[in-house]
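Trainee: Below are the sequence and a predicted model for it; my questions follow.
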Amino acid sequence: MTANGSVGSSPNRVGGRDRVTGAQQYVADIHLVDELQAKLVKIDEGRARIISIDTTKAEQVPGVQLILTPKDLPHPMPRFGPQYEDRPILADGEVKYHGEPIAAVAADTKEAAEEAVALVEVEYEVLPGVFSIDAALDPDADLVQHPSLRPNEPFAHSNIKTEFNFGWGDIGAIEGEADYVIERKYEFPMVTHFAIEPHAFMVAPEGDELKVWSTIQHPFQLQKTLAKLLDLPLSKLRIFAPDPGGGFGGKQHPKLEPLVAYMAMKTGRPVRLIMSLEETFQAVRRSSTRVRVRLGLTNDGDMVFNDTETDYLIGAYVDIADRVASKASYVAAGPYRVPVVKIAGRTILSNTTPTTAFRGFGVPQITWARECTLDEAALGLGIDRLEIRRRNLPEKGVEFIPGDTPADGDWRQTVDKAAELIGWDAPLSEGRGRGIALGLKSGPTTGLSYSTVRLLADGSALVFCGTSDMGQGARTVLSQIVAQEMGIPIERISVIMGDTAIVPYDQQTSASRSTVLMGTSVYRACKDIHGKVRAMASRIHGMDEADIDVDGGTVRFTGEELPIVEVVQEGLGSLGGEVIGNGEMRKDKEPDHPLAGSAAFFEFNCTAIEAEVDDETGEIQIIKHVTVGDVGTALNPQQVHGQDEGAAIMGLGHTLMEVMIHDEMGRIRNMGAIDYRIPTSKDLPAELVSDSIENSDGPGPYGAKGVSEGSLLCTAPAVGAAVREATGLTIRDLPLTPQRVWEAMREQT
Amino acid sequence: MKEFSYERPESLDDALRLLAASGSEVEVLAGGTDLVIAMRDGQSQPKVVVDLKRITEFYPSLMWAGDTVTLSATATMAETVDDEGINKHFPALAEAAVVVGSVQIRNRATLLGNICNGSPAADTAPPLLAYDAIIVVAGPDGTRRVEIDEFIVGPGRTALQDGEIAVALELRLPSRPLGSAYERMTRRKGTDLASVTLCATVDDAGITRVAFGSVGPRAWLRTDESGVLADPDASDEAKAAVFEEIFADATPSVRSLRASPDYRRAMLRVLGARAVRRALRRLQELQGVS
């Protein structure tokens, strides 16, 4: 028996109607009695020493209840962060990046708060900042972080935060075996997440509790952070995390919640801070990079070695940027069998917006460099660009990164599918070119997801889990698992999320993990219920439990088949009640692994592009965009395509138009939607084809793998390759704006 | 946004009286798609906002009479785009109006407002210049008619004086067969501000007019009376020399984030050639029909 909405079907998105009609309640839609409106005091400088903050005039504005400055905070300044506790609640004596908050106003109205912000007098001295890799590495450069903040760190007296070294084999010993060696540098600029819902925070003191509303992706991490900062038990911090309006990694970690918590505690009233889209540019961005790739190959195109250096320009505080850089650098050699690999990665501090997780987690930057360099090698060797990739792919089950998860898919199927869909060997029209590129990203390396499923007496069910549904459709997929296992239609299932006082702990919603990790947890909670149903059936029918089989919504025993719900209703009897199942999915740390954990799965994608370049204007038109992912099993095919298409279009954004522009003083010049362009529906490829390879070989329920990032990993190199074939131009920096392509064409002639 | 008083007069006289009483601290609102944003960002802080949408004289917003179409201050971009006559006789205006903002913006924004806002990048400025639009201005001393080339002054500035309202825009049918086309350069295909806007018209006497914007303080209108641009047999070099002269006053800003001055200058020539080619084709179609 298959219930409506079971695994493998594509039921309507749970919560989708509310999301598209505007009925969904985002943090900014929630109001509390007696609430205060907060606004941040900032200066328009990239870096400056704060001399004094005078709030006298601002305090006179009617309705102003609090102007919080560093002197109102504990000394030394409390700091926090997911990797290093380096981010202060407010700028600590120095504004270290454009827009770092200096003080904050809470007032009865937003207008009063704005007026007061304008009246806060900040005296400051502008300091020279470092806004690029070269400037930060200059031996004479000022330090972004004072060495006292970084005790015991080897690079504390420089702007290098951390160095990572990975690899296997000895380059020196094998170098001679390469017939062909190529070395290239590729740059990837600063881009920002641009979630349609900007960050929003609200904190309300209630008795000895703090209630916190946030657009956060990881509510339990926020709870831990605030508990430590404020010395409160976890039980006294209740985090509400309403479904975010897009996250893309930019809402993973706490940002301004601690500041708002201090304001709420000072005033004793609920305080809300709703950021503008413009302000999000000063909150989150992707690390820009410079990646040097040196590849050694045989004349036949077999890879001999890969020697890669990655420099990640991170912001003034680390956030999760070290992890981004190390995890991505670790897979720098990509989905290839390479006998010898040497990877040296660095994170470099700068006076810019702190960088954080962003869909692809550092991998798109390296993939842009590796895949483009590989194309240049193929051209140099006279080998077809598809062929050079196919011949170096590992077979399924081959440990291509020593000590890590072996290749977990038949990746050649993915590549061949993409080649077929783009028509790799078909003749090309004038002015057009094609490109193909591969992307590989490690899935989660650790995980801990608990869930509870309550099968109620009327055959409906509640699912409790700490996953955040920010548009990826977690509510739908988790409901489908329950529909499948309980044999009840999806309409009778409710998923409860986003309240740490109600749902059990979940580590985080990131790394395309939720279907695999939380999905397994929910599946196990269903299995827990199955066990209880088996006991019920045994009791009712006087049978041995061993002779009863419960699976997929059905109870089977000799000659009989009953729906679970029927057995449960009989078993519960006249008092009614419910059957409760608990699930847990744990992926522990592996202390000896370079990343402290092997990949739960790999996200593997092949993107193929056909593009046309206007030889007068430099405009690139994407004629056809093919993306194929190795997904294991598509629990909801429509959502898999949705994620795949969404990531592909986001990839086109950083490929073709997105870039944060700074002036020479480190001020961001294009904050907001007017001069920071993301693709609209009119910028889509003329044809966008998303396909999947399904071999049910993933670690998740029913053989699923995670799918939310794959198609963004290698968009840029596939487009770059198509542009090269169309024009003969090799462009080694992004985005490929009409002006950049035009300038390259002009230099070429 | 600062507090302001909101007035919604029902006659033009009332509106003019309100303007006279409010001095320079008044803003006139039609579509509001520029004004409301400027007020929200604090760039505009009027004490009084006078909404024109209830003024009875402004309806119907778009009216044909003889050889003239009159678009009142409340005529929206959407109405402009949808009008059959405008599409037939002033296709470059329809092409420019249909790329302003988004569908929602075009349902709200007015054609006249696009000109009164004074943006150098206003999409409809080049076609209105090339078609010799007349702006009808009402003030305390009566009504005056201003050629659009005189009306447009500079960034955020027009010939409107304190106390005056631009009440209508008039377009007269071309006196002789005229082909025309609009081109623009943007960073993406979706909603965007243009880095170059350009309209070309070619008539049956071989006179080419080129109006272009977003490359200086205002949109300019230039004429090629030599016949070179309209001559399909003229050499590329000869045409390039004419374009060189036409675009001599282009001074794209070095501070702009949208495109570099070099790129904009180069695109002027590319779009100029494309617009002239399309205008010629349209002229030939017209002549074929007549």
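Mentor: In hand now; what should we look at? Residues are numbered from 1 along each chain as shown, chains lettered A, B, ... in the order given.
Trainee: Quick check: pLDDT value at the residue of chain A at minimum distance from chain B.
Mentor: For chain A, the residue closest to chain B is A:Thr680, as judged by CB to the nearest CB, at 2.6 Å. C-beta coordinates here come from the backbone N, C-alpha and C atoms, glycine included. Looking at A:Thr680, its pLDDT stands at 95.
Trainee: Let's verify the spatially closest residue to it that is not a sequence neighbour: helix, strand, or coil?
Mentor: Using CB to CB, 6 or more residues apart in numbering or on different chains and skipping residues adjacent in sequence, the residue nearest A:Thr680 is B:Gly190, 2.6 Å away. Judged by DSSP: H, G, I helix; E, B strand; the rest coil, the three-state class of B:Gly190 is coil.
Trainee: Tell me how far B:Gly190 lies from B:Val99.
Mentor: 10 Å (CB to CB, to the nearest Å).
Trainee: So what does residue 129 look like in phi/psi?
Mentor: Reading this off chain A. Dihedral angles of A:Gly129 (phi, psi; degrees, to the nearest 10) stand at phi -110, psi 170.
Trainee: Hmm, no, I was thinking of chain B.
Mentor: Torsion angles at B:Leu129 (phi, psi; degrees, to the nearest 10) stand at phi -60, psi -50.
Trainee: Output the residue of the stretch 101-250 of chain B whose distance to chain A is smallest.
Mentor: B:Gly190 (2.6 Å).
Trainee: Kindly tell me how buried that residue is, as a neighbour count.
Mentor: Neighbourhood size, B:Gly190 [other CB atoms under 10 Å in any protein chain shown]: 15.
Trainee: and A:Leu149, what are its phi and psi?
Mentor: phi -80, psi -10.
Trainee: what residues are up against it?
Mentor: A:Asp86 (CB atoms under 8 Å, 6 or more residues apart in numbering or on different chains).
Trainee: Would you mind stating the distance between it and A:Tyr317?
Mentor: 10 Å.
Trainee: who touches both of the two?
Mentor: Contacts common to A:Leu149 and A:Tyr317, judged by CB under 8 Å, 6+ apart, are A:Asp86.
Trainee: where exactly do the strands run in chain B?
Mentor: B:5-7, B:26-29, B:48-51, B:62-65, B:68-72, B:134-139, B:142-147, B:152-154, B:157-158, B:165-172, B:178-185, B:196-203, B:208-213, B:220-224 (DSSP state E).
Trainee: deepest of these, which one?
Mentor: For the strands of chain B, average neighbour numbers computed from mean count of other CB atoms under 10 Å in any protein chain shown are highest in strand B:196-203, which has a mean of 29.
Trainee: can you tell if it touches chain A?
Mentor: No: applying CB under 8 Å from any CB of the partner chain, one finds strand B:196-203 separated from chain A by no less than 9.9 Å.
Trainee: A strand includes A:Ile51, no?
Mentor: Yes: per three-state DSSP, A:Ile51 lies within a strand segment.
Trainee: Cross-check the contact I'm expecting between it and A:Glu121.
Mentor: No: using CB atoms under 8 Å as the test, A:Ile51 is too far from A:Glu121 to be in contact (10.6 Å).
Trainee: Confirm A:Met265 sits in a helix?
Mentor: Yes: judged by three-state DSSP, A:Met265 forms part of a helix.
Trainee: ok, the nearest residue to it once chain neighbours are set aside - how many residues close by?
Mentor: Using CB to CB, 6+ apart and skipping the chain neighbours, the partner closest in space to A:Met265 is A:Pro205 (5.8 Å). By other CB under 10 Å, 17 other residues sit near A:Pro205.
Trainee: A:Pro205: what secondary structure?
Mentor: strand.
Trainee: What does the pLDDT read for it?
Mentor: 98.
Trainee: Could you pick out the residues of the stretch 101-250 of chain B near chain A for me?
Mentor: Residues of the stretch 101-250 of chain B lying near chain A (CB under 8 Å from any CB): B:185, B:187-193.
Trainee: Just put those residues in CSV and tack on pLDDT and distance to A:Lys251.
Mentor: Output for these, formatted as CSV (pLDDT from 0 to 100; distance: CB to CB, whole Å):
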residue, pLDDT, distance to A:Lys251
B:Met185, 96, 35
B:Arg187, 92, 27
B:Arg188, 92, 25
B:Lys189, 90, 29
B:Gly190, 89, 25
B:Thr191, 90, 25
B:Asp192, 92, 27
B:Leu193, 92, 29
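Trainee: Could you single out the nearest of those residues to B:Gln284?
Mentor: B:Met185 (25.6 Å; CB to CB).
Trainee: And the closest one, how far from B:Pro217?
Mentor: B:Met185 is 18 Å from B:Pro217, by CB to CB.
Trainee: who's the residue nearest to A:Met265 bridged to?
Mentor: Note on A:Pro205: beta-bridge partners by DSSP bridges are A:Leu210.
Trainee: show me the residues around it that make contact.
Mentor: A:211, A:264-265, A:268-270.
Trainee: Pull up the gap between it and A:Asp134, please.
Mentor: A:Pro205 is 47 Å from A:Asp134, by CB to CB.
Trainee: Just read off the phi/psi values of B:Asp67.
Mentor: According to degrees, to the nearest 10, B:Asp67 has phi -100, psi 20.
Trainee: Just give the nearest non-adjacent residue to A:Leu273, would you?
Mentor: Nearest residue to A:Leu273 in three dimensions, chain neighbours excluded: A:Ala38, at 4.0 Å (CB to CB, 6+ apart).
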